[in-house]
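> what follows is a protein structure lacking sequence information:
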Ligand code: GDD
Ligand code: MN
């Protein structure tokens with residue numbers, strides 16, 4: 001596979017010669033792309049010097065410190081444009097040792113994403129202060145739990161991508177600037193059904209220079225994980241359910257409000273009034289759900305209305321049944337009874353409408369296998 005190793009640099013001049021030696025010693029056949037953010041220590045000048053004699057070295061020089069995430073995005077774009085089939089992410093400071101590359105690239109033959117992992121059997125960290133280990137481990141656990149990801153080393157930056165797995169991801173939508181980029185990319189890998197393999201690595205803390213980790217980068221990762229969740233496939237039905245319930249609350253106000261007016265002020269029969277209030281709420285809910293909750297799940301409006309009405313009629317059956325049970329038999333105040341009814345009927349209505357009335361026609365939701373992905 002035609003391989004590109006992308007290495008973001010910010011003030012890494014000191015360690016770069018050693019890195020180049022280690023890369024050459026690893027025996028991996030790959031081109032290198034350094035993405036430098038105008039490092040004050042002159043990292044870019046050194047790399048440019050190498051270029052004179054080493055045609056496999058490439059350099060993207062950017063105007064200033066624009067962040068790790070955007071450095072990788074620029075690197076990925078360059079690599080995909082130039083037809084590389086394997087794209088590797090790696091830190092410059094030798095924390096990610098090139099000795100692991102042959103195995104990682106061998107595993108990549110099957111496609112997907114290969115993660116150099118500290119938190120899988122055989123992996124680990126050397127010379128990191130406890131505080132930093134806690135941040136890293138805690139960060140991985142935090143993101144894993146919230147996003148429901150299987151990868152163990154979510155924050156790690158030593159990863160090899162098959163170009164197809166990268167092309168399946170909409171890179172224009174990646175928003176992270178800092179180290180949360182690593183989490184966001186792995187989240188996207190799972191979202192797009194890429195196969196993810198973790199290969200154990202020992203991460204050795206840098207011997208020279210300084211980490212660019214900062215409070216700001218840490219905080220960005222904390223809140224960005226939640227934005228990733230809002231955007232994820234996992235959350236989509238939940239988002240709809242929340243909208244459906246909001247519509248339900250509006251419908252319930254109409255239902256209950258009109259019922260109370262008819263019963264208390266007009267002195268109509270409770271059952272007749274209940275039927276009228278039901279129809280008012282039904283019509284309100286149908287339109288709000290059609291044009292808001294399920295607006296992406298479209299079909300002929302008449303068919304939908306009939307289906308919605310059938311489901312609502314069954315809901316109405318439940319409505320009267322529970323009303324009878326609670327008011328006539330259990331002697332509960334009818335207003336309380338209606339609130340209980342609202343909850344029960346909400347679940348029935350949402351399920352039936354989501355999977356029947358507004359069911360997406362002819363589109364198979366992405367499976368997690370990723371074996372038949374199409375390029376975009
Ligand atoms: N171009 C560019 N721009 N490069 C950057 C920037 C930036 O804004 N910020 C950091 N880098 C480069 C560094 O020069 C280095 O090559 C690499 O990104 C990693 O930066 P470090 O500062 O050495 O990161 P770390 O050791 O604190 O963090 C490591 O662990 C994190 C948590 O697991 C890295 O592996 C991170 O990728 C990882 O998220
Ligand atoms: Mn480092």
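Right, received. Where do you want to start? The structure presented is a predicted model; accordingly, all values stated were derived computationally and were not measured. Numbering: from 1, shown residues only. Ligands and ions are numbered 1, 2, ... in the order given.

> switch to C-alpha atoms for all contacts and neighbour counts from now on
Noted.

> who in the stretch 51-200 of the chain is up against ligand 1?
Counting by Cα under 6 Å from any ligand atom, the positions of the stretch 51-200 of the chain adjacent to ligand 1 are 65-68, 71, 91-93, 136, 155-157, 179.

> list of residues touching the helix or strand that contains residue 142?
For residue 142, the element it lies in under DSSP states H and E is helix 130-147. Residues from elsewhere that reach helix 130-147 (Cα atoms under 8 Å, 6 or more residues apart in numbering): 149-155, 183, 187, 222, 225-226, 228-229, 234.

> this structure: helices as residue ranges?
16-25, 43-51, 68-81, 101-108, 130-147, 163-167, 180-191, 215-230, 236-260, 270-288, 301-323, 334-352 (DSSP state H).

> can I get those helices in JSON lines with mean neighbour count?
Conversion of the helices of the chain to JSON lines gives the following (neighbours: other Cα atoms under 10 Å):
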{"stretch": "helix 16-25", "mean neighbour count": "15"}
{"stretch": "helix 43-51", "mean neighbour count": "17"}
{"stretch": "helix 68-81", "mean neighbour count": "19"}
{"stretch": "helix 101-108", "mean neighbour count": "18"}
{"stretch": "helix 130-147", "mean neighbour count": "16"}
{"stretch": "helix 163-167", "mean neighbour count": "20"}
{"stretch": "helix 180-191", "mean neighbour count": "23"}
{"stretch": "helix 215-230", "mean neighbour count": "16"}
{"stretch": "helix 236-260", "mean neighbour count": "18"}
{"stretch": "helix 270-288", "mean neighbour count": "18"}
{"stretch": "helix 301-323", "mean neighbour count": "17"}
{"stretch": "helix 334-352", "mean neighbour count": "16"}
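
> possible to save the ones you listed as JSON lines with distance to residue 10 and mean pLDDT?
As requested, the helices of the chain are exported to JSON lines (distance: least, Cα to Cα, whole Å; pLDDT from 0 to 100):
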{"stretch": "helix 16-25", "distance to residue 10": "11", "mean pLDDT": "97"}
{"stretch": "helix 43-51", "distance to residue 10": "7", "mean pLDDT": "97"}
{"stretch": "helix 68-81", "distance to residue 10": "9", "mean pLDDT": "97"}
{"stretch": "helix 101-108", "distance to residue 10": "22", "mean pLDDT": "97"}
{"stretch": "helix 130-147", "distance to residue 10": "20", "mean pLDDT": "92"}
{"stretch": "helix 163-167", "distance to residue 10": "24", "mean pLDDT": "97"}
{"stretch": "helix 180-191", "distance to residue 10": "17", "mean pLDDT": "96"}
{"stretch": "helix 215-230", "distance to residue 10": "15", "mean pLDDT": "93"}
{"stretch": "helix 236-260", "distance to residue 10": "38", "mean pLDDT": "91"}
{"stretch": "helix 270-288", "distance to residue 10": "52", "mean pLDDT": "92"}
{"stretch": "helix 301-323", "distance to residue 10": "57", "mean pLDDT": "89"}
{"stretch": "helix 334-352", "distance to residue 10": "52", "mean pLDDT": "91"}
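
> turn these into CSV, including distance to residue 57.
Below are these laid out as CSV (distance: least, Cα to Cα, whole Å):
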stretch, distance to residue 57
helix 16-25, 10
helix 43-51, 6
helix 68-81, 13
helix 101-108, 17
helix 130-147, 31
helix 163-167, 20
helix 180-191, 24
helix 215-230, 29
helix 236-260, 43
helix 270-288, 58
helix 301-323, 59
helix 334-352, 56
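
> out of those, which is closest to residue 200?
helix 101-108 (9.5 Å; Cα to Cα).
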